[in-house]
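K.L.:
Build the 3D model from these lines:
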Amino acid sequence: MMKNTELTEPLVFQPVFMERIWGGRRLQTEFGKALPENKKIGEAWEIVDRPEAQSIVRDGPLRGQTLHELWTTRRLEIFGKVPDAPRFPLLIKLLDAEEKLSLQVHPPAPVAARLAGEAKTEFWYVAKADPGALLYVGLREATNAQDFRRSIDDGTVVDRIQAIPVEAGDSMFLPAGRFHAIGAGNLLVEVQQNSDSTYRVFDWNRKDDGGRKRALHIEEALQSIDFNDCNPALVKPTGELLVHHELFDIQQWNVQTPREIAPPGQFAIVCILQGVASAGGIQLRPGEFCLVPAELSDRSISAVNGPTTLLRVTIPL
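P.N.:
Prediction:
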């Protein structure tokens with residue numbers, strides 16, 4: 001029966017909320033997310049196909065279907081001719097860093113395979129930023145694993161990482177192996193490989209409610225960090241294009257007149273940043289996402305009551 005269900009509108013999914021020691025309540029105050037009460041929510045997984053978490057269609061004819069079911073049973077119709085993979089290859093989140101995150105790294109593919117982890121390249125878009133907010137990205141100077149380990153042992157590893165002041169509208173590309181952390185006061189959109197492998201080096205001596213420090217992953221991190229990755233810069237847009245990579249293309253659109261979200265046969269994911277948009281007959285507000293299927297007939301998006309800013313995510317064909 002599911003295969004005969006007609007596609008009539010973009011797909012909107014229920015977010016999956018993740019409690020984090022560094023999270024807050026800003027996803028509710030800024031974007032109207034219905035967060036669970038009395039929880040520090042650091043992440044809303046908006047588009048996810050993982051064994052431990054699934055996007056579920058919220059409305060319309062496909063209501064109740066999981067992203068994995070759509071990926072495995074209706075791939076061509078919804079996603080078009082994308083590269084084959086056992087699961088939808090992207091994970092898209094909103095992040096609320098009320099406190100700064102740990103200094104960490106995600107493994108490149110060869111290292112991930114050796115460590116039984118998952119490779120992870122990602123992209124951050126700063127949706128909101130408090131005055132003085134920072135992103136910690138890349139090393140200040142090239143080094144090696146032995147020297148880096150000494151800085152961990154003597155408590156000076158924080159001095160190794162580059163701190164970059166940011167404001168709303170900035171973005172950063174983080175290839176696997178790039179040493180990084182998100183500073184306090186940032187509200188980010190994150191587009192990443194479908195992975196959840198993170199190796200923490202330093203967590204600011206933070207303790208949980210039970211007085212315990214979080215686990216670190218020093219040995220794994222030392223194998224994963226690119227020690228020649230120094231002083232990376234924020235993304236410099238080329239027109240609307242923010243990032244073109246084999247994993248994802250990300251554009252920022254300022255919509256004033258109606259336009260086609262993607263050509264027929266190609267899917268796209270849209271995240272509204274500012275304003276209100278009408279896409280394929282549904283309305284979207286800031287912090288809301290939709291997936292426009294490859295074979296959906298109504299592929300237009302337009303602004304409602306003034307200009308609308310959005311991120312558009314696709315997978316290169």
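
K.L.:
residues in contact with stretch 23-39?
P.N.:
Residues from elsewhere that reach stretch 23-39 (Cβ atoms under 8 Å, 6 or more residues apart in numbering): 15, 17, 19, 40-44, 94, 96-99, 127-128, 187, 285-288. The C-beta positions use only the backbone N, C-alpha and C, and glycine is treated the same way.

K.L.:
Residue 41 versus residue 298, what's the distance?
P.N.:
As defined by Cβ to Cβ, to the nearest Å, residue 298 lies at a distance of 33 Å from residue 41.

K.L.:
Between the two, which has more neighbouring residues?
P.N.:
For residue 298 against residue 41, the residue with the higher neighbour count under other Cβ atoms under 10 Å is residue 41, and the figures read 23 against 16.

K.L.:
show me what contacts that one?
P.N.:
Contacts of residue 41 were listed using Cβ under 8 Å, 6+ apart, and they are 17, 18, 19, 20, 23, 24, 25, 27, 28, 33, 35, 96.

K.L.:
Neighbour-wise, which one of these leads?
P.N.:
Busiest of those [other Cβ under 10 Å] is residue 96, holding 29 neighbours.

K.L.:
Name the SS class of it, please.
P.N.:
Secondary structure for residue 96, judged by DSSP: H, G, I helix; E, B strand; the rest coil, is strand.

K.L.:
residue contacts, it?
P.N.:
For residue 96, the contacting residues are 23, 24, 25, 26, 27, 41, 42, 43, 187, taking Cβ under 8 Å, 6+ apart as the criterion.

K.L.:
would a markdown table of the contacts of residue 41 with pLDDT and distance to residue 204 be doable?
P.N.:
Formatted as a markdown table, the entries for these read as follows, by pLDDT from 0 to 100; distance: Cβ to Cβ, whole Å:
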| residue | pLDDT | distance to residue 204 |
| --- | --- | --- |
| 17 | 98 | 24 |
| 18 | 98 | 20 |
| 19 | 97 | 18 |
| 20 | 96 | 14 |
| 23 | 98 | 15 |
| 24 | 98 | 16 |
| 25 | 98 | 21 |
| 27 | 98 | 22 |
| 28 | 98 | 25 |
| 33 | 98 | 26 |
| 35 | 98 | 24 |
| 96 | 98 | 17 |
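
K.L.:
Please, where are all the helices along the stretch 1-150 of the chain?
P.N.:
Counting by DSSP state H, counting those that start in this stretch, the segments of the stretch 1-150 of the chain that form helices are 26-31, 67-73, 75-79, 109-115, 145-153.

K.L.:
a markdown table for those, including distance to residue 257?
P.N.:
A markdown table is the format used below for the helices of the stretch 1-150 of the chain (distance: least, Cβ to Cβ, whole Å):
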| stretch | distance to residue 257 |
| --- | --- |
| helix 26-31 | 26 |
| helix 67-73 | 31 |
| helix 75-79 | 27 |
| helix 109-115 | 42 |
| helix 145-153 | 51 |
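
K.L.:
Buried by neighbour count: which residues of stretch 52-62 qualify?
P.N.:
The neighbour-count criterion (16 or more other Cβ atoms under 10 Å) identifies 54, 55, 56, 57, 60, 62 as the buried residues of stretch 52-62.
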